[in-house]
Each structure stands twice: as structure tokens, then as C-alpha cells.
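Undergrad: What follows is a predicted structure for the sequence shown.
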Amino acid sequence: MEYTLNVKYDEYPSSIEELYGDYFVGKIISCTRHLQGDTQVNSKRQFNDVVKNIKNKIHLPIYCYVHSGVTISTTEFTCPWDSFFAGYIVLDRERFLKNMGYKRMSKKRSIEAYNQLEEEIRIRNSYISGEVYCFEITDSNGDMVEFCGGFLCEDACRSEGQDFLSSLNQK
């Protein structure tokens with residue numbers, strides 16, 4: 001039987017926490033309705049009050065650009081009208097050390113922690129920007145044989161679909 005692979009946007013992806021919850025290490029403290037956070041605050045002052053309660057914090061700012069969609073980054077956007085400070089992503093040092101199996105923080109490990117937070121924001125940005133993909137495999141009758149979604153990279157989705165397609169064609 002002949003099978004066809006189709007890669008497309010995932011119109012109904014699972015929540016970001018379901019897809020990547022175990023991977024995420026940071027907590028989002030949000031100052032805007034455009035960014036869902038673990039903690040929602042209304043000002044930088046309230047944020048500072050929240051952060052005072054978090055010991056040994058590693059954090060990065062989150063900026064938001066809203067214009068025909070939403071995108072987030074740890075660096076500022078150049079548009080002064082449609083972009084703004086949106087909150088912070090915060091990581092507890094002790095939690096980071098424990099999760100990574102380290103006994104103490106070094107400069108190299110601190111850089112690793114910041115890199116993890118930046119990667120988490122990149123993943124969240126892909127999700128909120130709608131860059132979530134799925135593949136479906138159909139038979140020669142047009143009936144769906146397999147479906148898998150939640151990929152944040154089109155190439156990874158296509159590769160996984162090709163692997164599955166190859167296994168079907170070998171049967």
C-alpha cells in the first residue's frame with residue numbers, strides 16, 4: 001500500500017506545559033496579560049517584592065512584541081510602540097544545582113543556567129507564535145493511518161514523520 005506524509009501547522013497543540021513541562025526549569029513572573037506566568041504581577045515594583053522572596057535567584061528579563069501576533073524574547077525589541085517589558089524568567093540556584101547534580105555554582109555553571117533560561121524562552125516563543133507542527137500519514141485511500149503533533153521545529157516533525165513512513169513502507 002502507498003502512504004503519504006503531510007507536515008502542517010498543528011491547529012490544536014497540547015498546552016506548552018504538557019509538551020515541555022518536564023524540560024522547563026524557570027518560573028515566569030509576568031507583568032502583562034500577553035504572557036501567561038506562574039506568578040502574575042502588575043508592576044516592576046510588585047515584581048521586585050516577589051523576587052525578594054526567592055533566594056539565590058538567576059533571572060532574565062522577558063520582552064514582548066505585540067503586532068499581528070505575539071512574540072517574546074530576553075532582549076529588547078526595537079519598536080517603542082508595540083514592544084514592552086513583560087516580566088522575568090527566574091531560576092532558583094539551589095534547584096538548578098540539585099537538578100544538575102552539582103554541589104556549587106561556578107561561572108561556567110552560571111552561564112549554563114542562563115543558557116537554559118534563554119532556551120526556555122525560545123521554546124515558549126515558538127509555541128505562542130504558533131510555530132507548532134504536526135504530521136499525518138494517509139494511505140492511498142486518503143484514510144489517516146498516523147498522526148503526531150506538538151513539534152516546535154518543522155524539520156524535526158518532518159524527520160520523525162519520514163522515519164514513521166519508512167517503517168510503514170517496510171511492512
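TA: Received, thanks. Residues are numbered from 1 along each chain as shown.

Undergrad: In this protein, what helix or strand scores lowest on average pLDDT?
TA: Sorting the helices and strands of the chain by mean pLDDT, DSSP states H and E puts helix 44-52 at the bottom, at a mean of 74.

Undergrad: Just list what it packs against, helices and strands only.
TA: On a contact count with 3 or more CB pairs under 8 Å, 6 or more residues apart in numbering; DSSP states H and E, helix 44-52 meets strand 27-30, strand 83-92. Backbone N, C-alpha and C define where each C-beta goes, glycine included.

Undergrad: between those strands, which one is nearest to residue 44?
TA: Nearest to residue 44 among the helices and strands packed on helix 44-52 is strand 83-92 (7.3 Å), distances taken as CB to CB.

Undergrad: In the sheet, which strands lie alongside the closest one, parallel or antiparallel?
TA: The strands that strand 83-92 pairs with in its sheet are strand 27-30 (antiparallel), strand 57-66 (antiparallel) (by DSSP bridges).

Undergrad: what would these look like in a markdown table with mean pLDDT?
TA: Output for the strands paired with strand 83-92, formatted as a markdown table (pLDDT from 0 to 100):
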| stretch | mean pLDDT |
| --- | --- |
| strand 27-30 | 77 |
| strand 57-66 | 89 |
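
Undergrad: Comparing those strands, which comes out most buried?
TA: Of all the strands paired with strand 83-92, strand 27-30 has the most neighbours on average by mean count of other CB atoms under 10 Å, namely a mean of 21.

Undergrad: now the next helix or strand after that one, how far from the centre of its chain.
TA: Once the chain leaves strand 27-30, the next helix or strand it forms, by DSSP states H and E, is strand 39-40. The chain centre lies 18 Å from the centre of strand 39-40; the measure is CA atoms, centre = their mean, to the nearest Å.

Undergrad: what's strand 39-40 packed up against?
TA: strand 27-30.

Undergrad: Now tell me what touches the strand it packs on from outside.
TA: For strand 27-30, contacts defined as CB atoms under 8 Å, 6 or more residues apart in numbering pick out 35-41, 47, 50-51, 62, 86-91, 124.

Undergrad: run the last query once more with 10 Å
TA: Strand 27-30 is contacted by residues 35-42, 46-47, 50-51, 54, 57, 59, 62, 64, 72, 86-92, 95, 120-121, 124 when judged by CB atoms under 10 Å, 6 or more residues apart in numbering.

Undergrad: could you point out which element follows whichever strand or helix holds residue 119?
TA: Residue 119 is part of helix 107-128 when elements are defined by DSSP H and E. As assigned by DSSP H and E, the chain's next helix or strand after helix 107-128 is strand 133-139.

Undergrad: Perfect, I'm done here.
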